[in-house]
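>>> pasting a predicted model and its sequence here:
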Amino acid sequence: SQQGEEDPQALSIQEGENATMNCSYKTSINNLQWYRQNSGRGLVHLILIRSNEREKHSGRLRVTLDTSKKSSSLLITASRAADTASYFCATFKAGAGSYQLTFGKGTKLSVIP
Amino acid sequence: IAGITQAPTSQILAAGRRMTLRCTQDMRHNAMYWYRQDLGLGLRLIHYSNTAGTTGKGEVPDGYSVSRANTDDFPLTLASAVPSQTSVYFCASSVEVRWFFGPGTRLTVL
């Protein structure tokens, strides 16, 4: 079953505005990752935050992680039309002899020029 | 560097037919995965392989089989396709904690 659940399912904003997407998960994790998917394409890794980190930045991306609430947020600042895509959170858990990455259902972001 | 390639790009298949989706990576990653993506359900893991010669079942393995004869190739076979297997299939590989995805195969089973 899905580990992560994104919220909202869809988000439409004007170019230049900030976009915030949230992710909740159920069990303990080693890290949480965010991926982007352009329509009809494969997923591309954006950013990873480890379970002992609370905030991480990469360019216009800011990710927070609250392990006590089992939640994360992805903030895209000064959005551009090219940011239009689906965004997925994925939880990483190292198990006995294997590593698993479990994806949420995604947030579809539309940035209107 | 190609990364991960998948073939075919898309396929329409009659129910009951056998189909193999191909996946090849040139990054020498040990771990590889097959996911299916369905509208409203996100990506679900079908099968995985931690290293050549080993495979394991994911969340939705029924109706699918995989093999891992070498590091580079990880084919996914549908022995007898059914309409519920209509989906977009993504192959992925990983190194440490980062995943890399192929472009996907869009499969329609009629």
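Received the coordinates, thanks.
>>> and the strands in chain A?
Per DSSP state E, chain A carries strands over the ranges A:5-7, A:10-14, A:19-24, A:31-37, A:43-50, A:55-58, A:61-66, A:71-76, A:85-95, A:98-103, A:107-112.
>>> in a markdown table: the ones you listed, plus mean neighbour count, mean pLDDT and distance to B:Leu43.
For every residue, glycine as well, the C-beta is placed using N, CA and C. What follows is the strands of chain A, written out as a markdown table (neighbours: other Cβ atoms under 10 Å in any protein chain shown; pLDDT from 0 to 100; distance: least, Cβ to Cβ, whole Å):
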| stretch | mean neighbour count | mean pLDDT | distance to B:Leu43 |
| --- | --- | --- | --- |
| strand A:5-7 | 19 | 82 | 12 |
| strand A:10-14 | 13 | 95 | 18 |
| strand A:19-24 | 19 | 95 | 14 |
| strand A:31-37 | 23 | 95 | 9 |
| strand A:43-50 | 18 | 94 | 8 |
| strand A:55-58 | 12 | 96 | 22 |
| strand A:61-66 | 18 | 97 | 19 |
| strand A:71-76 | 20 | 97 | 17 |
| strand A:85-95 | 21 | 90 | 7 |
| strand A:98-103 | 20 | 81 | 4 |
| strand A:107-112 | 18 | 96 | 14 |
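>>> quick one, strands of chain B?
B:4-7, B:10-13, B:19-25, B:31-38, B:42-49, B:56-57, B:64-66, B:76-78, B:87-95, B:98-101, B:105-109.
>>> so what strands line up beside the last one?
Within its sheet, strand B:105-109 is paired with strand B:10-13 (parallel), strand B:87-95 (antiparallel), according to DSSP bridges.
>>> tell me who's in contact with B:Asp82.
I think there's a mix-up here, since residue B:82 is Val and not Asp. B:Val82 is in contact with B:15, B:63, B:109, counting by Cβ atoms under 8 Å, 6 or more residues apart in numbering or on different chains.
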